[in-house]
Structures are given as C-alpha cells and as structure tokens.
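**Student:** Task: produce atomic coordinates for the following.
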Amino acid sequence: LAQRPAEPERAAGRCWRPGGRDDLEDLARRAGLRPDGSGRVACPFGYADLDSAVRGLVSTGLYDAAVRATDEEQVAKELAEALRPHVRPDGTVWMRNLFRYVVAMT
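**Tutor:** Modelled structure (predicted):
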C-alpha cells in the first residue's frame, strides 16, 4: 500500500527488507556475526477503533514517504481501507503479527 511511494528509497539502498525465511541469518553472517539461534514471536497490534489504528500506524514513520508523495489524508484513507478486514464486530482493530529474530555472536 504505502510501499510504492517508498520504492525509490529502497532502490537507492536505504531500506533493506528481508524477503525469505533465512535472510536474517544470512544478514548476520554477512555482517561478520555467527548466528546462535533464532525464533519467532507473536506481536499482535490492537487498536480501540479504526481512527486509532490509522493514527498509530502513521505515527510510526513508516508511511512518511507515502505522505510526502501524496498527503496525510490520502495515506489515512488508504490505510483505513487496508485495515477494514481487521476490524472486529465491536469496532476494535486487531492484526496478528509474527516477527522473526536472530541471536548472533561476534
């Protein structure tokens, strides 16, 4: 959603994002580290309502490039649309998230 306006930044090498399951370990190795373990941790994002979710996500800074390319109102509109499948019947917004991590040694 908001990544398209950020594409030039990623293409310029300013923002690396792992693409595969083992990329974190490979990244640690390329940095001269020795992976010593890895795992996954659940970190759901929950918000009281759709407006809170949009404000919370915009405040992370992850959508700054999209805001610069359009405006905050447009980004908020797109985020709200993308979040609709995550709105529960009581109006709260709940997104499941699973994060990978790696522990590495020098």
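
**Student:** Now for F99: which residues touch it?
**Tutor:** Listed by CB atoms under 8 Å, 6 or more residues apart in numbering, the contact set of F99 reads R40, V41, A42, C43. The way it works is simple: take the backbone N, C-alpha and C, and place the C-beta from them, glycine included.

**Student:** where do the strands sit along this protein?
**Tutor:** Along the chain, the segments classed as strands by DSSP state E run 34-42, 45-47, 93-95, 98-105.

**Student:** got the contacts of F99 as a markdown table, with distance to H86, pLDDT and neighbour count columns?
**Tutor:** Below are those laid out as a markdown table (distance: CB to CB, whole Å; pLDDT from 0 to 100; neighbours: other CB atoms under 10 Å):
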| residue | distance to H86 | pLDDT | neighbour count |
| --- | --- | --- | --- |
| R40 | 20 | 93 | 9 |
| V41 | 20 | 95 | 9 |
| A42 | 15 | 95 | 8 |
| C43 | 15 | 95 | 10 |
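
**Student:** In JSON lines: these, plus distance to L57.
**Tutor:** Converted to JSON lines, those look like this (distance: CB to CB, whole Å):
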{"residue": "R40", "distance to L57": "22"}
{"residue": "V41", "distance to L57": "20"}
{"residue": "A42", "distance to L57": "19"}
{"residue": "C43", "distance to L57": "14"}
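
**Student:** Closest to R100 out of those?
**Tutor:** R40 (5.5 Å; CB to CB).

**Student:** any chance of the strands of the chain in JSON lines, with distance to A76 too?
**Tutor:** Output for those, formatted as JSON lines (distance: least, CB to CB, whole Å):
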{"stretch": "strand 34-42", "distance to A76": "27"}
{"stretch": "strand 45-47", "distance to A76": "14"}
{"stretch": "strand 93-95", "distance to A76": "14"}
{"stretch": "strand 98-105", "distance to A76": "25"}
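
**Student:** Determine which of those approaches K77 most closely.
**Tutor:** strand 93-95 (15.6 Å).
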